[in-house]
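Visitor: sharing a model prediction with you, sequence too.
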Amino acid sequence: MRNLKITFFVPTILLLSFLMVVFARQPDDRSTPKHRLAIGIGLSTPWTLNAATEGHKLRAFVRVPANANGESHFSAIKFEPKMVGDKIEVTVTGLSGDTSVIKSCKDWAMLKETPITSYTLREGEEATVSQLSNLGSNFKNGMLTISAVSFVASPDFEPENGGGCGCGMCSGLTCCPNPGACLGCGTCGDVCCDPILP
């Protein structure tokens, strides 16, 4: 009888010990930053823009200098990055109109939009938007390049914690607009956050 109790007791202790170790090693999702991809926009000042959080749309706008002699004659370029599985998809759109009147998110919608291209990139991949050239000194060599880079978003900026769509980083400045708002991000451009309506 004593051997039977010991035989039952030892496996139970081992099982409980194993379960304690497993649960102790599980990460706390609330305190660990979530890893997503971002796009690196090839400006003279590096600009990183992370993929939008679920249920949101993140848009970024880069103004094209008026003296740029590109064939497209766009006054700004819009970027929309989002996660698709383990890749990042970015849609690139050209905007035409007067950017000096832009004061809010809604003002960007007044400009004429021309779809240019979209890319789906894995981390470390880069693409050059061949449709655009001679964009001015704000763009490296006057060309537009986009790369997929790693980005760790702070939990403070996640929607469930009252945050917005995501953030952009320009020369050490972190720009995280609230839902329905736009935010200038240094010399890089503007970042706007929109909830996706059901």
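Guide: Sure thing, it's come through.

Visitor: distance of residue 114 from residue 169?
Guide: 28 Å (Cβ to Cβ, to the nearest Å). Bear in mind the C-beta positions are built from the backbone N, C-alpha and C, glycine included.

Visitor: those two: who's more crowded?
Guide: Per other Cβ atoms under 10 Å, whichever of residue 114 and residue 169 has more neighbours is residue 169, with 20 against 13.

Visitor: surely that one is in a helix?
Guide: No: under DSSP: H, G, I helix; E, B strand; the rest coil, residue 169 falls outside any helix and is assigned strand.

Visitor: can you pull the contacts of it?
Guide: By Cβ atoms under 8 Å, 6 or more residues apart in numbering, the contact set of residue 169 is 47-49, 175, 185.

Visitor: for residue 182, same thing?
Guide: 104-105, 108, 190-193.

Visitor: put together CSV for these, with secondary structure, neighbour count and distance to residue 59 on each row.
Guide: Formatted as CSV, the contacts of residue 182 follow (DSSP: H, G, I helix; E, B strand; the rest coil; neighbours: other Cβ atoms under 10 Å; distance: Cβ to Cβ, whole Å):
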residue, secondary structure, neighbour count, distance to residue 59
104, coil, 11, 13
105, helix, 18, 8
108, helix, 19, 8
190, strand, 23, 8
191, strand, 27, 7
192, strand, 22, 5
193, strand, 26, 8
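
Visitor: nearest to residue 147 among these?
Guide: residue 191 (17.9 Å; Cβ to Cβ).

Visitor: beta partners of the residue nearest to that closest one when sequence neighbours are not counted?
Guide: Nearest residue to residue 191 in three dimensions, chain neighbours excluded: residue 168, at 4.6 Å (Cβ to Cβ, 6 or more residues apart in numbering). Note on residue 168: beta-bridge partners residue 49, residue 175, judged by DSSP bridges.

Visitor: put the alpha carbons of stretch 120-137 into CSV.
Guide: Provided in CSV are the C-alpha atoms of stretch 120-137 (Å, rounded to 0.1, in the frame of the first residue of the first chain):
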residue,chain,number,x,y,z
THR,A,120,4.4,43.1,-50.4
LEU,A,121,7.7,42.8,-48.8
ARG,A,122,9.4,40.4,-46.3
GLU,A,123,11.7,41.8,-43.7
GLY,A,124,15.0,42.9,-45.3
GLU,A,125,13.5,43.3,-48.8
GLU,A,126,13.6,46.7,-50.6
ALA,A,127,11.8,48.1,-53.6
THR,A,128,12.3,51.2,-55.8
VAL,A,129,9.3,52.9,-57.1
SER,A,130,10.4,53.1,-60.8
GLN,A,131,7.4,55.2,-61.8
LEU,A,132,8.8,58.1,-59.8
SER,A,133,12.1,59.9,-60.4
ASN,A,134,13.7,63.3,-59.9
LEU,A,135,11.6,63.9,-56.7
GLY,A,136,14.0,66.4,-55.2
SER,A,137,16.6,66.6,-52.5
